[in-house]
Structures are given as C-alpha cells and as structure tokens.
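Enquirer: How does the following fold in three dimensions:
(one chain, ligands or ions: 1)
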Amino acid sequence: MCGIVGYIGHREAFPIVIKGLQRLEYRGYDSAGIALYDGNQINLSKTKGKVEDLKNKAKEISQAGSIGIGHTRWATHGVPNDVNSHPHYSNSGNLVIIHNGIIENYEAIKQELTKRGYTFQSDTDTEVLINLIEEVKKTEDVKLGKAVQIALNQVVGAYAIAVFDKEKPDEIVVAKLGSPLAIGIGEGEFFIASDASPFIEFTNNAVYLEDEEMAIIRLGKEIKLRKIKDDAVAYPRILELQMNLEEIEKGGYDHFMLKEIYEQPRAIKDTYRGRLLADQGLIRMAGIDLNMEKFLNANRIIIVACGTSWHAGLVAEYIFEDLARIPVEVEYASEFRYRNPVITDKDVLIAISQSGETADTLAAIKLAKEKGAFVFGVCNVVGSSIARETDAGAYTHAGPEIGVASTKAFTTQITVLTLMALKLAKAKGSFSETKYREYLSELETIPNKVEKSLESNALIEIIADVYKESTNCLYLGRGYNFPVALEGALKLKEISYIHAEGYPAAEMKHGPIALIDEQMPVFVIATKKGHYEKVVSNIQEIKSRKGKIIAIVTEGDEQVKDLADHVIEVPETLESLTPLLTTIPLQLLSYHIAVMRGCNVDQPRNLAKSVTVE
Ligand code: F6R
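Expert: Numbering: from 1, shown residues only. Model (predicted):
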C-alpha cells in the first residue's frame, strides 16, 4: 500500500509530484508528504490527511526545484500523523526517503542504531531504514547507491523506496522488493511511481523494476539496474504503455466508482474482444492453448485470491465444475500460504488479482510454484508482479480501476474465467456442441444486458434512500449467485460502513434467520434460472418474520414482486452468466447508499486499493 512518486528532470517537480500523488491516493490516503531539492537545500512538508491537505501545508515551504519525491500513506507502523508521514530524513538531514512496504526487522536495527547515537522522531520502520543507509554510507565510506544496496541486504521485509542525497543531488536511488515501482523515461527526465498513472501524460516508456532490483536514476545518464543481492548488472526492459489519460480521469462522473460501474459493458466487451469468436464457435486464448495439456491432465484447479477477486474465484468454481467438470478449490490466498497445503505438480493454480500486486496472492503463487504446480494468472494490471510471476495468464483488459471498491474488475474476471471454462469444456468434450455454441452467443449479449441492468439506476437510488440509515443488512443468493451475495455485502460494508453479511440463502435457517425483524433489509437474488423456487421459499421465510425484502429478479417476474418490498429487474440469461448481471444493481445500491451517507466512496476509510502488505 502507499503510493510513491518522484521526479528528476528539467520541469518544476512540485506540480508533477502532487498530481502524481493524487492519482496514487487510491493506494493509501491517511497522510502525505513531499521533499523538494531547490539546488541548495531540501524543503520538506508532510501532514496527516489527504494530498489536498498537503497542497495547502506545502505553501509554507519553497516549492522550487526540479527534483522531488512524494508519498501518500496507508499506515503500517505508527498512527497516521504529521511526524509518521513520509518523506523521512536521516539524522544528518542529508538523506531523505519515501517507502512503500514494511521492514520487519526494524526493531532490532533501531536498537543497534540507537546504541550508535541515532535518534528517531517517528514510530516508523522507514526512518530506521534511512538511518541504516546513512550509517552504512558513513562507516563503509561508500556512495549512496552502494549504501542503499548494503543496507537493503540487512533488512527483512518488503519495499519500494526512493532515496535522495543532498550531497549527490543529480540522482535518485530506487529499489524494489515485493512492492511495485515503475520508472517513466522521458526526454532528459525521469519519473518514479508505484504505477504509471502519475507520468502517463509525459511519457509512454516505462521500466518496471523486478523484485530485488535497484536503479540509480541520474540526470543525463541511462538508467543503471543492479541486483540488490549480488550486485549483478540487470538490463532494463523498456515497455511501451497502452494506458491513456482519459482512462484515469473521472470523465464527468462524480466518482471513479460510478464511472467504473458504467464502464462495465465496454470493459466486458474488451475482455472477450479477439478471444470470443462466436460465429466460428471459437475461443482464442493463447495462455490456455499453449498449456492445454496441463489443464486437461490436472487433478484439480486451486483458485487463490483475496476480497472481491476471491468472490470471482467462487463464481469460477461453479463454472469450471459445472461446464468443464474439473474439480476446483477456492482459497483465500492468506490462508492458503500459511496452512502447509498439499500441492503437487498435477495441480493447476489460478491466481486472480485486479492489481496484480496483492502480497498474499503473490506469496501463494510462489509457494505453489515451489511445489511444482502450474500457475496461471488472471490480472488486470499489465506488467504487474503477479502477471510476471505466473507461468501463463490472461489479462482482463478492464482498464485502470481507481475506485477502491472493485466493480468492473469483478465482472471482467468472471468473463475471463467463463471463457477459460468454456474452452476447457470444449477441449474435454464435457458438453454438447449445441450447448457450447449457445454459451458463446449468449456471452456476446452480456454487454447489452449489463447496459439494460444499469437502466435501473433511478429506481435503485429511490431504494437506497429508504435503506440508507440501516445498521445491518443481509444478502442472500444460491448457486452461482451465492458469491454475488457475498460481493454485494462486501461492497456495502466497505464503502458505506454498514454491517452486511452474505449467505447462501438456504443457510438462513441455520442461524442468521434469528436476526430477521422489521428493521432488517434482506437483499435476495432470485433470478428465474438458478434454484428459483427454493429462493422463493427462502423469501417466504423472511417475509413471515417481517424482514424487508429487496429482490433482484429476472425481467417480467410476477411471483417475487408479490412478496418483496422492492424488486429490481435484470434481463434473462443463462444461469452461469447471471452473476454478470445481478451484481450490477448491488454495486449501484452500495454506491448510492454510501453517497447519501456522505462517505468517501472512492477512498473508504482504512482501505487501500493495492494491498502490498500481508
Ligand atoms: C473490494 C476490493 C478488495 C480487493 C482485494 C484483492 O472491493 O477491492 O477486496 O478485491 O484487496 O485485490 P486484488 O484483486 O488487486 O488482488
């Protein structure tokens, strides 16, 4: 978590760093800071709060200088306050650092440095690291780059850092392990950032550091990459970025989340574009084609992911088992990695991640690879750590997702996973050609049906107004729509801070039904295809206990309309594709409730978009 930005070149650094931090605020937003070098001294400003607060506070310092580093924080060590905000100075005041990650052994290093006379202003692990670098520089009598390298070989943890030395003011040293770091290469200028969004209007050329790599970024020179462990030279691979500025701006919407909800028809189309050739009865996915034997001979597929991506994994479990008849287990990456799981070289692991940076998912991948499993990634962010770490994969092509609450990532992940399941089902011959063709054609209709589902927005706003003061909500679904219930509840709690739980509808009787009273809104997914009659019985049970029922139903449904307090219609589709539609009203409901409650929809409290710490 945390976002880091840096600039060294011929322009004023301040506006570039500030704007870059604003674009990276999705990564953490409890405090922010900036350090600028004006050719003579370092001017530093930092504050608890958002980048907007930093902009005001930084009026107190000189904003001159064409070298600068900045940070937007998601606190790990030390509460969010001015002192714990980054950048951090070393004791001499010559070195300054920004850091995204965690130094796990900082306590022991701090004790050692304290014995040597160092003092610390903050509670952070980062201030310890910058002083360790200073101590190495002094005692070993080495330049900044070497000192950073030696110091990093003594620390345990994760980092993306940028370090500036007043005594060597033509360079910034950066290093990466576990947290992302991109370097934008312009004409006589360099940009440093946690992702490419801070520099996309200046350059399309970027180098993504690999784990355990560091770079000395020096004005007027080519970037030099080295391996932190053994100092071996590494060669930068310059990527041409596809992202454009429009994609990372709000485009007239009040919030990124709303924009991203409305982007779903296009995003889903982009996901299957070039892959789904319905008229030819073909699905083209190179990552599957090249590894077909591995999938077909797999004992089972294990899916690992976190949060919303884990919910997409649960939907995929139904699809893979239902269509391709391959056994699937879905695991929280954080549990999987620590529970000594049985993995063999006959297993295929699918890792799902929007950001491609989630620390637990990354660790689960590494573990599975060590045990010989074939690892396939489903990621959105191109060039991300997970995309690079996996043996093969498929991008979702959803475009940048900036709102912290995942929306289009979820539906595009399901789309990719559906294509995969269909492709495997076809290869295995596990269902008829007619059924296969029916799926392909139906998948092509989904963007229009999502568009249709979005038309309920005005009605959903009215419903949101009725339930905005609720303190608890239940979400129920069965089969393919059980994970959608979980996802609906997650969306509500994370952006509106209302307690919500998702359950398989039939589980109600085993406990949660005790919660039902006239105050309890229950969101039920009751589409025609998918255990409809059973869900209707569950609705009756809630009704007889006076719960408030808000049902997501198939267009034209009359039966549930008579029972529910509100119904929201979605178009009819094949059962396995219903999650792509039923999730839309639930996203909109959460969005409107959160807005009505005055919550910060795009940056909910305590959260960050990219969870690069475990
Ligand atoms: C919820 C949400 C999170 C993420 C989770 C995994 O709206 O966004 O639960 O889904 O942190 O992130 P990725 O998909 O980037 O691995």
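Enquirer: ok, the residue in the stretch 301-450 of the chain that the ligand sits nearest to to I16 distance?
Expert: Distance from the ligand to each residue of the stretch 301-450 of the chain (Cβ to the nearest ligand atom) is smallest for G307, at 1.8 Å. (Glycine included, C-beta is placed from N, CA and C.) Shown here: G307 relative to I16, a distance of 32 Å by Cβ to Cβ, to the nearest Å.
Enquirer: try D602
Expert: D602 is 22 Å from I16, by Cβ to Cβ.
Enquirer: Which neighbouring elements make contact with the helix or strand hosting A175?
Expert: Assigned by DSSP states H and E, A175 belongs to strand 171-177. Other helices and strands packing on strand 171-177, by 3 or more Cβ pairs under 8 Å, 6 or more residues apart in numbering; DSSP states H and E, are strand 3-8, helix 144-152, strand 157-165, strand 190-193, strand 213-218.
Enquirer: how far out from the middle of the chain is it?
Expert: Centroid displacement of strand 171-177 relative to its chain, using Cα atoms, centre = their mean, to the nearest Å, is 23 Å.
Enquirer: what is the rounded mean pLDDT of that strand?
Expert: Mean pLDDT, strand 171-177: 97.
Enquirer: Contacts for it next, please.
Expert: The contact list for strand 171-177, computed with Cβ atoms under 8 Å, 6 or more residues apart in numbering, reads 6, 8, 67, 69, 101, 144-145, 148-149, 152, 157-165, 181, 183, 190, 192, 209-219, 228.
Enquirer: now that strand and strand 3-8, what's the angle there?
Expert: Per axes from the mean of the first three to the mean of the last three Cα atoms, to 10 degrees, the angle that strand 171-177 makes with strand 3-8 is 150 degrees.
Enquirer: partners of strand 171-177, with directions?
Expert: Strand 171-177 has the following strand partners under DSSP bridges: strand 157-165 (antiparallel), strand 213-218 (antiparallel).
Enquirer: Next up, the contacts around the one residue sitting closest to the centre of the chain.
Expert: What sits nearest the mean C-alpha location of the chain, by Cα atoms, centre = their mean, is S355, with 3.7 Å. Applying Cβ under 8 Å, 6+ apart to S355 gives the contacts 379-381, 384, 609-611.
Enquirer: With distance to A394 added, can I get those in CSV?
Expert: Formatted as CSV, the contacts of S355 follow (distance: Cβ to Cβ, whole Å):
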residue, distance to A394
C379, 8
N380, 11
V381, 13
S384, 13
K609, 21
S610, 20
V611, 22
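Enquirer: Take those residues and keep only those in strands.
Expert: C379 (DSSP state E).
Enquirer: now that we have the contacts of S355, which one has the most neighbours?
Expert: With neighbours defined as other Cβ atoms under 10 Å, the most crowded of the contacts of S355 is C379; it has 30 neighbours.
Enquirer: coming back round to it: what's the next secondary structure element after the strand holding A175?
Expert: In N-to-C order, the element after strand 171-177 by DSSP H and E is strand 182-185.
Enquirer: what helices or strands is that following strand leaning on?
Expert: strand 190-193, strand 205-208.
Enquirer: how far out from the middle of the chain is the last one?
Expert: Remark: strand 205-208 is offset 20 Å from the chain centroid, using Cα atoms, centre = their mean.
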